[in-house]
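Undergrad: Fold the stuff below for me.
(one chain, ligands or ions: 1)
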Amino acid sequence: MAFSLANSTLFSKPSIFLHRRSLAFCLHFSSISTALPSDKVHSPRKWRHPVAASLVELGGVKIAREEIVKDDPTNNVPDSIFSKLGMQLHRRGQHPLGILKNAIFDYFDTNYPNKFNKFDDLCPIVSVKVNFDDVLVPADHVSRSYNDTYYVDSQTVLRCHTSAHQAELLREGHTHFLVTGDVYRRDSIDSTHYPVFHQMEGVRVFTPADWEGSDTDATSYAAEDLKKCLEGLARHLFGGVEMRWIDTYFPFTNPSFELEIFFQEKWLEVLGCGVMEQEILKRSGRTDNVAWAFGLGLERLAMVLFDIPDIRLFWTTDERFTSQFSKGQLGVKFKPFSKYPPCYKDMSFWISDSFTENNLCEVVRGIAGDLVEEVKLIDNFTNKKGMTSHCYRIAYRSMERSLTDEEINDLQWKVREQVESKLKVVLR
Ligand code: PHE
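TA: Residues are numbered from 1 along each chain as shown. Model (predicted):
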């Protein structure tokens, strides 16, 4: 997947595989409006030792590891992902993601005083229904596949976007809201992709009284308002930048757009948005309304605003990182404390029919954790017998210290073993 931290490209693709149906598990517990408790609820201890936990507390509800990580074909959640549940980086006021979230809140609070309700503690474990069905993701859409999404069971997923909360909040009667949360996607490994990242969703509903006074139709009215609002937000975050709108596709909006800004000599995709599909509003009992919705990836924006070169840094507890940021200070440039040398290891194998790069990356991440910087396909060929060989180059690099040869050889040895046993490939 290309550099897209809204990772919106996943939804920009019209369709492809698999089909699953569902019910609920833990729907959202706490709905916070405006003032948020943020940092206060987290003890530093909990931040620092997530991996050892076998119980995670989400919005006041305790969930055991066994409920989320199961030895069952309908479950594909590894321990490394379980350990991220409840971390809620976006609720830490001194963390770049929390600082960015609060800067976006400031924009909405200034321009729409007391209008937008804010939710940032909604449970990330959601039903397939709310994650996909309620926002009209087609039954055969690629994002529903076990290759792309973490399933707790056939009916329950770790939300892969904050759009999972749209329909429910509408049904509860909310008309202006911002939802921030951790989202989960199986993906490749490089400096801009991590299987957990953070999104913010915005929704605004209009009633006929809003557009009747204008000389445009409801859809154009909402689209225009949306663009004005988001251009203002981009200026609030990035200053006076050049912007452009790109037409795109999302299952839940029509028309759909992406906003790009010209920043540091490049066009950068900032967010995905559009006029909400009428069907979503209709099913939420809002037949006469129109609405807009947007979704943005916090990491992608924070990497640019704070000059953070690697997405793994958001998860580090190294004080040389954390001490560089403070509450309310958007855009302080991160000074790399040091760059430790990478170590590259190549691995070639004959793939099986079921081989996917996401599965490979999960095996590697399961063994090497955040010591793996990149997994890259460097050679690919099919022989006369129709057997396909892949060669992957794995870059190991710690952001905190030098790695020893012995340590890396040990990791690579384990990777080779597990790749062969778990992915049914034949090493060459
Ligand atoms: N949910 C989309 C994604 O994750 C982003 C989006 C939200 C697009 C709302 C349009 C409207 O890619």
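
Undergrad: State the distance from the spatially closest residue to Val196 that is not a sequence neighbour to Asp370.
TA: With Cβ to Cβ, 6 or more residues apart in numbering as the measure, Lys84 is the residue that lies nearest to Val196, at 4.6 Å, once sequence neighbours are left out. Bear in mind the C-beta positions are built from the backbone N, C-alpha and C, glycine included. When Cβ to Cβ, to the nearest Å is applied, the distance between Lys84 and Asp370 equals 11 Å.

Undergrad: which residues are in contact with both of those two?
TA: Here Lys84 and Asp370 share the contacting residues Trp315, scored by Cβ atoms under 8 Å, 6 or more residues apart in numbering.

Undergrad: quick one: buried residues of stretch 249-269?
TA: Residues of stretch 249-269 classed as buried by neighbour count (16 or more other Cβ atoms under 10 Å): 250-253, 255-261, 263, 268-269.

Undergrad: and it with the ligand, contact?
TA: Yes: under the criterion of Cβ under 6 Å from any ligand atom, the ligand is reached by stretch 249-269 at Phe250, Phe252, Thr253.

Undergrad: I'd guessed the last one sits against Gly274; true?
TA: Right, the one you point to is Thr253. Yes: applying Cβ atoms under 8 Å as the test, Thr253 and Gly274 come out as touching, 2.6 Å apart.

Undergrad: quick one: secondary structure of the residue in the stretch 151-300 of the chain that the ligand sits nearest to?
TA: The nearest approach of the stretch 151-300 of the chain to the ligand comes at Gly295, 2.7 Å away (Cβ to the nearest ligand atom). Judged by DSSP: H, G, I helix; E, B strand; the rest coil, the three-state class of Gly295 is strand.

Undergrad: Tally up the residues packed near it, please.
TA: Other residues lying near Gly295 total 26 when counted by other Cβ atoms under 10 Å.

Undergrad: what sits against it?
TA: Taking Cβ under 8 Å, 6+ apart as the criterion, Gly295 is in contact with Ala6, Ser8, His161, Thr162, Ser163, Gln199, Met200, Glu201, Gly202, Leu271, Gly272, Cys273.

Undergrad: Let me know whether the last one touches Ala293 as I believe.
TA: Same thing as Cys273. Yes: distance between Cys273 and Ala293: 6.4 Å, which falls inside the contact criterion (Cβ under 8 Å).

Undergrad: Quick check: neighbours shared by those two?
TA: Common neighbours of Cys273 and Ala293 (Cβ under 8 Å, 6+ apart) are Thr253.

Undergrad: State the pair within the buried residues of stretch 249-269 that is farthest apart.
TA: Pairwise distances across the buried residues of stretch 249-269 peak at 28.4 Å for Pro251 and Phe263 (criterion: Cβ to Cβ).

Undergrad: Residues of the stretch 251-400 of the chain that sit close to the ligand?
TA: Checking the stretch 251-400 of the chain against the ligand by Cβ under 6 Å from any ligand atom, the hits are Phe252, Thr253, Gly272, Cys273, Gly274, Ala293, Phe294, Gly295.

Undergrad: Of the contacts of Gly295, which belong to helices?
TA: Cross-referencing the contacts of Gly295 with the helices (criterion: DSSP state H) gives no overlap at all.

Undergrad: could the residues you listed go into CSV alongside pLDDT and distance to Glu67?
TA: Formatted as CSV, those follow (pLDDT from 0 to 100; distance: Cβ to Cβ, whole Å):
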residue, pLDDT, distance to Glu67
Ala6, 43, 29
Ser8, 44, 30
His161, 98, 22
Thr162, 98, 22
Ser163, 98, 24
Gln199, 98, 24
Met200, 98, 27
Glu201, 98, 26
Gly202, 98, 31
Leu271, 97, 33
Gly272, 98, 32
Cys273, 98, 35
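
Undergrad: Leaving out the residues flanking it, which one is nearest to Gly86?
TA: Ranked by Cβ to Cβ, 6+ apart and with sequence neighbours excluded, the top spatial neighbour of Gly86 is Val56, at 4.3 Å.

Undergrad: err, Thr356, not the other one
TA: Take Thr356 and drop its neighbours on the chain: the residue closest to it by Cβ to Cβ, 6+ apart is Asn147, 5.1 Å away.

Undergrad: In three-state terms, how would the one you found be classified?
TA: coil.

Undergrad: do you know how far it is from His141?
TA: Distance, Asn147 to His141, by Cβ to Cβ: 12 Å.

Undergrad: These two - which one has more neighbours?
TA: The neighbour count for Asn147 versus His141, taken as other Cβ under 10 Å, is higher for His141 (21 against 17).

Undergrad: isn't the more buried one right next to Tyr249, touching?
TA: No: taking Cβ under 8 Å as the contact criterion, His141 and Tyr249 are not neighbours in contact, 11.1 Å apart.

Undergrad: mind listing the strands for the stretch 301-428 of the chain?
TA: If you assign secondary structure with DSSP state E, counting those that start in this stretch, the strands in the stretch 301-428 of the chain sit at 343-350, 372-382, 388-396, 426-427.

Undergrad: I meant the stretch 101-250 of the chain, not that one.
TA: With DSSP E, counting those that start in this stretch as the criterion, the stretch 101-250 of the chain has strands at 117-119, 125-127, 151-153, 156-158, 176-184, 196-206, 242-250.

Undergrad: The fourth one near the ligand at all?
TA: No: using Cβ under 6 Å from any ligand atom as the criterion, no contacts between strand 156-158 and the ligand are found, and the smallest distance is 13.5 Å.

Undergrad: Please name the strands paired to that strand in the sheet, noting orientation.
TA: Sheet pairing for strand 156-158, assigned by DSSP bridges, gives strand 125-127 (antiparallel), strand 151-153 (antiparallel).

Undergrad: sorry, back to before: how near is the residue nearest to Thr356 to Glu400?
TA: 31 Å.

Undergrad: Now for the closest residue to Gly331 other than its chain neighbours, how many residues are close by?
TA: Of all residues beyond its chain neighbours, the one nearest Gly331 is Leu305 (4.8 Å), with distances taken as Cβ to Cβ, 6+ apart. Other residues near Leu305 come to 20 when the count uses other Cβ under 10 Å.

Undergrad: The one 10 residues further on now?
TA: Per other Cβ under 10 Å, the neighbour tally for Trp315 reads 16.

Undergrad: who are the neighbours in contact with it?
TA: Trp315 touches Lys84, Met87, Leu89, Tyr194, Asp370, counting by Cβ under 8 Å, 6+ apart.

Undergrad: what do you get for Asp153?
TA: Asp153 sits in contact with Phe25, Lys70, Asp72, Thr74, Asn75, where contact means Cβ under 8 Å, 6+ apart.

Undergrad: Excluding sequence neighbours, find me the nearest residue to the third one.
TA: Counting by Cβ to Cβ, 6+ apart, Asp153 is the residue found nearest to Asp72 once chain neighbours are left out, at 7.2 Å.
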